[in-house]
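Visitor: would you be able to build a 3D model of this:
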Amino acid sequence: MKISDGFWLNKPGYSVNYATQMYSIETDERSVTVYATNQWIGNRGMTLGGPMLTVRFTSTLANSIKVTIEHFRGAKKKTPSFTLYEDASFKPQVTKNDDGSYELISGSTKVKIGAQGTEWNISYWYGDKLLTKSGWRTTSLIEEEEWLTQNRRTAASGSRFFAKTDDGETSYIREMLNIAVGEYIYGFGEKFSTFVKNGQTVEVWNNDGGTCSEQSYKSIPFFVSSRNYGVFVNDPGNVTFEVASETVSKTAFTVPGQKMEYFIFGGNTVADVISAYTDLTGKPALPPAYSFGLWLSTSFTTSYDEETVNSFIDEMKRRDIPLDVFHFDCFWMKEFEWTSFEWDSRMFPDPKGMISRLKDRGLKVCVWINPYVSQKAPCFDELMKKGYFIKNKDGSVFQCDMWQPGLAIIDFTDPGAREWFASKIKGLAELGVDAIKTDFGERIPTDVIYSDGSDPYKMHNYYTYLYNKTVFEALRDVKGVNNACLFARSATVGGQQFPVHWGGDCFSNYESMWETLRGGLSLCLSGFGFFSHDISGFEATGTPDLYKRWTAFGLMSTHSRYHGNSSYRVPWNFDEESCDVSRHFVKLKGRLMPYLFANAVNTHKTGVPMMRAMVVDYSSDRAALTVDTQYMLGDTLLTAPVFNEEGVCDFYLPAGGTWTDIQTGEQLEGGSWYTKKYDYFGMPLYAKPDSIIVYGDYKGKAEYDYADNMKIVVYGLADGHTAEAVVYDKDAQPAASVKAVRSGDTITVTVTGTDKPFTAESAQGLTVITK
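Guide: I've put the predicted structure just below:
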């Protein structure tokens, strides 16, 4: 939200009252509260009227500072609110210094607050390192003049299914935090724009806009900094961020209304920050082991029945391309009747038998749904009669003809509607369905009312949380803990608890492949642990060249799915080599499962994303801060997709030792950029220095005994250094521990926790002794 006209003036129609003087300060054992006036108070007469901001600093979790900025406390409280896992018993340390200033300390993170009577001066620290600060002309109350409000409301009106962002508020709270020299800002959810967000305006407002625009399916009011801090604005509404865009030395964020609450997290690394953020908003659930294998889809508007499905599965088997999941997209239901939860009997006359036959072949099954119900759906009248749809303000059912005729939207604030929807999911699960693709949930209207009285503007983003939570928990009730799996498109804060998420509608070209990666990296910097995308693109049909390059990228992502719009994405439809490439990378990923699943367990425990930008682990390496064409797949494996027909890839290996290509064995020193050319079976896949990767005895299914016949490979271990790894079973229980110690030209590998056979080797060709 830009309201300034250069540095000194504001745009017509806005008045801004800045926190200017810390007029008085109060403390208790858990907080510091500052009463900030909008001017310097020189005499009693200056206390007669005028806005004052009440700013409270406290902490409810270690290494986080909670900041509340409030104007009118009596303003109406609007729901819903994000579910946060705060610790009511947590007690920060509050101290007053000799100079009258204050400190509130939470773990190693603290806020310093100036003395009473002085200018507005707030700074945030991690240990002795300054993270960011606010000061003169930063924290403020913005008020809008009536004529501007009317003009804005007129401009905001639009199609009934395109939700308006204007919620009628005429007051805003804005905070501005300093951006230091050389500092970069990332995150805000799944943003397909430039990876580094400096210079951008970011609106936290979910939309169905594909991967080629500034719109986002998954908007998250959370960002991280290369200086190892993060900021989460606790508001499900339309939070607007100006990242070095209005005031170029500041990250500004604005919420409508009389109150803002935000949290600032500090850490040694960006990984620490994300872990702290997910302590507050929820850790990702652990996806089942099978979900890391290859998924094959019917695609969207293609024609298919059980014979078609079987022909794909038969051909994948004949060509020795291992497959774990088969996905039925929308047309498992009859056209014009989505989402009815009823199989189209013309195409699938025996769904129970068909699913049973697929299970007999060792496959898991996924089906598509969304939260919209066509007027032609058999269940429509029942749902309308029970009041389970979102309503217009006059009490009638909200309907439109976009996507499905007479479409209505499930009201997940209604307990009965949730129960009904969950019963349908449980029915599918009892039929044998293992995973649910929860599509849509972004274009939620705002000129509506909800069963529980929720504010429609705050519900616009929040809706997807209730939708995906309902489906995930219904699956979990039937399948059990660690066995529920979604393939979700929309999300908001907390949505990371219901994995997996995929990147939406991308085009079939290299530019879209890159924007897909940027979106995934931004999402995973926003608390989401797992990420997938439509291999070779969703819209149109790509070339065999693109298909093979995207296959490598897709199989070296946490989750891997062939899916498209109007054409089948089976590899033999492209060329014979596509089948070979698919087979190669599916089997490589299968062999990597002991390593990959161990990292998935770590993501579930810590919240640190499994697929992550280089800055997460290497924020102290300046060359790594802006890299958006590669990533770490887990804590050890650097992965760089090839984004061109020439097969040329530029990639950066961070400083700190020798990196090793896990396919070729080539060793390169870190701290440099490299340019190499790859055939379709190659891409940069480099194990970091001082690491271990455990490979499994893969036999065609992603879920197997990862500790049986392990192949332990030690990479780039320096003399005197140690590397460790843990292998888990499919139930996330430790199955083996591996430790490697180098002394001179000998590496001693010790395996505990299992008596199953294994082998161990050094990628450097050193002597290995096993114990």
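Visitor: residues in contact with the longest strand seen in the chain: which ones?
Guide: When the chain is parsed with DSSP state E, its longest strand is strand 734-743. The contact list for strand 734-743, computed with CB atoms under 8 Å, 6 or more residues apart in numbering, reads 692, 694, 705-707, 710, 712, 714, 717-729, 747-754, 756, 758, 760, 766. Any C-beta I mention is one placed from the backbone N, CA and C, and that applies to glycine too.
Visitor: rerun at 6 Å
Guide: Taking contacts as CB atoms under 6 Å, 6 or more residues apart in numbering, the residues outside strand 734-743 that touch it are 692, 707, 712, 714, 717, 719, 721-729, 747-754.
Visitor: wait, Asp324 touches Tyr290, no?
Guide: Yes - Asp324 is within contact range of Tyr290, at 5.1 Å (criterion: CB atoms under 6 Å).
Visitor: between the two, which contacts overlap?
Guide: Residues touching both Asp324 and Tyr290 comprise Ala702, with contact defined as CB under 6 Å, 6+ apart.
Visitor: the more surrounded of these two?
Guide: Per other CB atoms under 10 Å, whichever of Asp324 and Tyr290 has more neighbours is Asp324, with 24 against 21.
Visitor: so what's that one up against?
Guide: Shown in contact with Asp324 (CB under 6 Å, 6+ apart): 290, 293-294, 702.
Visitor: and those residues as a markdown table, adding secondary structure, distance to His563 and pLDDT?
Guide: Putting the contacts of Asp324 into a markdown table (DSSP: H, G, I helix; E, B strand; the rest coil; distance: CB to CB, whole Å; pLDDT from 0 to 100) gives the following:
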| residue | secondary structure | distance to His563 | pLDDT |
| --- | --- | --- | --- |
| Tyr290 | helix | 17 | 98 |
| Gly293 | coil | 15 | 98 |
| Leu294 | strand | 11 | 98 |
| Ala702 | coil | 18 | 98 |
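Visitor: and which of the residues you listed is nearest to Asp455?
Guide: Ranking the contacts of Asp324 by separation from Asp455, with CB to CB as the measure, puts Tyr290 on top at 39.9 Å.
Visitor: what sits against the nearest residue to that closest one once chain neighbours are set aside?
Guide: With CB to CB, 6 or more residues apart in numbering as the criterion, Tyr290 has its nearest non-adjacent residue at 4.6 Å, and that residue is Glu703. Taking CB under 6 Å, 6+ apart, we find Glu703 in contact with 289-290, 730.
Visitor: about what we covered before: so which of the contacts of Asp324 is the most crowded?
Guide: The most crowded member of those is Ala702, carrying 27 neighbours; neighbours defined as other CB under 10 Å.
Visitor: how near is the residue lying closest to that one once chain neighbours are set aside to Lys730?
Guide: Ranked by CB to CB, 6+ apart and with sequence neighbours excluded, the top spatial neighbour of Ala702 is Gly293, at 3.3 Å. According to CB to CB, to the nearest Å, Gly293 stands 12 Å off from Lys730.
Visitor: could you pull out the strands in the stretch 501-650 of the chain for me?
Guide: Listed in chain order, the strands found in the stretch 501-650 of the chain under DSSP state E, counting those that start in this stretch are 501-502, 531-532, 534-535, 560-562, 611-612, 631-633, 637-639, 648-653.
Visitor: likewise for the stretch 201-350 of the chain?
Guide: Going by DSSP E, counting those that start in this stretch, the stretch 201-350 of the chain shows strands at 219-225, 229-233, 240-243, 250-256, 259-266, 294-297, 325-328.
Visitor: now the ones you listed as a markdown table including distance to Tyr450?
Guide: Formatted as a markdown table, the entries for the strands of the stretch 201-350 of the chain read as follows, by distance: least, CB to CB, whole Å:
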| stretch | distance to Tyr450 |
| --- | --- |
| strand 219-225 | 20 |
| strand 229-233 | 23 |
| strand 240-243 | 24 |
| strand 250-256 | 19 |
| strand 259-266 | 21 |
| strand 294-297 | 33 |
| strand 325-328 | 31 |
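Visitor: out of those, flag the one nearest Gly520.
Guide: Of all these, strand 219-225 sits nearest to Gly520, with 13.3 Å by CB to CB.
Visitor: which helices and strands does the closest one pack with?
Guide: For strand 219-225, the elements it packs on are strand 185-189, strand 229-233, judged by 3 or more CB pairs under 6 Å, 6 or more residues apart in numbering; DSSP states H and E.
Visitor: nearest to Ser345, out of these?
Guide: Scanning the helices and strands packed on strand 219-225 with CB to CB as the criterion, the closest one proves to be strand 185-189, at 39.8 Å.
Visitor: so, low pLDDT: which residues of the stretch 51-200 of the chain?
Guide: Where the stretch 51-200 of the chain drops to pLDDT under 70, the residues are 148-167.
Visitor: on that earlier part again, now, the most widely separated pair of the contacts of Asp324?
Guide: Using CB to CB, the contacts of Asp324 reach their maximum pairwise distance at Tyr290 and Leu294, which is 10.3 Å.
Visitor: would you mind measuring from the residue nearest to Ala702 to Arg561?
Guide: According to CB to CB, Gly293 stands 10 Å off from Arg561.
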